[in-house]
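# Need a 3D model of the following:
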Amino acid sequence: MRHTIIKTIYSKNIGLGHLNAMVFLTNRSPKNLTTFTFVINNEIDAIRYLKQNKKKILIDENFKMNDHLIDQNCDVAIYYFPLDQFFIKKKRHFKTIFISNSLKKVKSNADVVILGPDKQVEYKYKKNFYTGPKYSIFEHSNYKYKHQENIKNCLVCLGGTDKSDNIIKVIKALEYLNLKINYSFFLRSSIVSKDISILIKQNNNKTFKFIFDKKSLSSYLPSFHFGIISGGNILYQMCSSHIPTLVLPQSKEENLMAKRLQKQKCTIVSKSNFENWNQTTFCRQLMKYIYQNDRRKVVTQSCKKYFGNKNLNEVYKLIK
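The predicted structure is shown next:
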């Protein structure tokens, strides 16, 4: 059987999105397509995550985002990094695939280049570049949300890169609003500070539920009617399930991606960002969004139109 090596990265700055997408790609892979081995940097959270998913791992102690592989014994090598330039330095006996979620024009000499963001369709590339949402890779479920007039359950997730404790601002805003909504906060224990721990102890009740270190959100999505989330893969995941979201981007890249989806009416980006946080502005926008039934309905319909029936068949064709 063919063998594929996946080299990707996890860090507290980058988050778990790249690793999560590749794990999902391997989990959904057709039988007898290929076996997989992950080459990963020596980060305990990444190693634990891959072991939980029963993946074969090679740890690179001198990890760099380049084409170097510890083990060259493969038929295909997939490199997934947040880069807009990636070059294979030596001629390889195996097929090379570079994947990026960059919004900039990408330069690469890999055999195949996969660029999922819709922004990439606007650039001119060679025939071996495959661009647009058709080729985007992110965890998604078969669940499709049907519009609900009343919001009872809301997911809150700012990803794994909340270095500035922004979740505290969201918790305090939701405390202030005191709506009849049940909130489920998905957090990574590795980024929980003392201040967050204090708030969790004060608010861990039926209305505020805190869930830690879940390797997947897919099984939880049918429980939610709305999401307050960061950008990145979690936004794609929610949109592909047609669930209305209010986005609080954690980076410039997430902000650009969220605003492009907002133009498609697939989400709404918060007017109050974390750099210039204004609780009153956030609360007013959230309240307006929640109680404007028709507005949320438009978002659900737009997600259904834009994302369609998401699958990875086009990507698997490129791995063959």
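# So residue 256 belongs to a strand, correct?
No. Counting by DSSP: H, G, I helix; E, B strand; the rest coil, residue 256 falls outside a strand, being helix.
# Was I right to think it contacts residue 104?
No. The pair residue 256 and residue 104 does not pass the contact test of C-beta atoms under 8 Å, sitting 9.9 Å apart. To be clear about C-beta, it is placed using only N, CA and C from the backbone, and glycine gets the same treatment.
# what's near enough to touch the residue most central in space within the chain?
Taking C-alpha atoms, centre = their mean as the criterion, residue 233 is the residue nearest the geometric centre of the chain, at 1.3 Å. Residue 233 is in contact with 17, 20, 21, 138, 139, counting by C-beta atoms under 8 Å, 6 or more residues apart in numbering.
# If we use 10 Å, what do you get?
Residue 233 sits next to 15-18, 20-21, 24, 101, 136-140, 159, 217 when contact means C-beta atoms under 10 Å, 6 or more residues apart in numbering.
# Same check on residue 198?
Neighbouring residues of residue 198 by C-beta under 10 Å, 6+ apart: residue 168.
# Find the helix or strand that it is a member of.
Here residue 198 sits within helix 194-203, counting by DSSP states H and E.
# Pull out the buried positions in that helix.
Applying a neighbour-count criterion of 16 or more other C-beta atoms under 10 Å, one finds 196, 199, 200, 203 buried in helix 194-203.
# ok, for the third one, nearest residue in space, not its chain neighbours?
To tie it back to what came earlier, the one meant is residue 200. Among residues not flanking residue 200 along the chain, residue 210 sits closest, at 5.1 Å (C-beta to C-beta, 6 or more residues apart in numbering).
# The one you found is in contact with residue 185, isn't it?
Yes. Residue 210 is within contact range of residue 185, at 4.9 Å (criterion: C-beta atoms under 10 Å).
# Who has more neighbours out of these two?
Higher neighbour count among residue 210 and residue 185: residue 185, with 24 against 20, using other C-beta atoms under 10 Å.
# Report the contact partners of the more buried one.
Residue 185 touches 154-158, 167, 170-171, 174, 196, 199-200, 203-204, 208-212, 228, counting by C-beta under 10 Å, 6+ apart.
# distance between the ends of stretch 139-155?
End-to-end distance for stretch 139-155, by C-alpha to C-alpha, to the nearest Å: 16 Å.
# So which bits of that stretch are buried?
In stretch 139-155, counting by 16+ other C-beta under 10 Å, buried: 139, 140, 141, 143, 144, 145, 147, 148, 151, 153, 154, 155.
# what's the domain layout of the chain?
3-137, 153-307 (automatic domain parsing).
# Please compute how far the last one lies from its chain's middle.
What that stands for is domain 153-307. Mean-position distance between domain 153-307 and its chain equals 13 Å (C-alpha atoms, centre = their mean, to the nearest Å).
# picking that back up, how about residues contacting whichever strand or helix holds the residue nearest to residue 200?
Assessed by DSSP H and E, residue 210 sits inside strand 208-212. The contact list for strand 208-212 (C-beta under 10 Å, 6+ apart) reads 153, 155-157, 167, 171, 174-175, 182-190, 192, 196-197, 199-204, 217, 220.
# Now with 7 Å, please.
For strand 208-212, the external contacting residues (C-beta atoms under 7 Å, 6 or more residues apart in numbering) are 182, 183, 184, 185, 186, 187, 189, 200, 204.
# Who does it pair with, and is each partner parallel or antiparallel?
As defined by DSSP bridges, the strand partners of strand 208-212 come to strand 182-187 (parallel).
# So what angle separates the directions of the partner strand and helix 194-203?
150 degrees (axes from the mean of the first three to the mean of the last three C-alpha atoms, to 10 degrees).
# Start the count at 17 instead of 1 going forward.
Got it, the first residue is 17 from now on, which makes the last one we talked about strand 198-203.
# What average pLDDT does strand 198-203 get?
Averaging pLDDT along strand 198-203 yields 93.
# How about stretch 290-301?
pLDDT averaged over stretch 290-301 gives 93.
# Then stretch 89-103?
The pLDDT scores in stretch 89-103 average 96.
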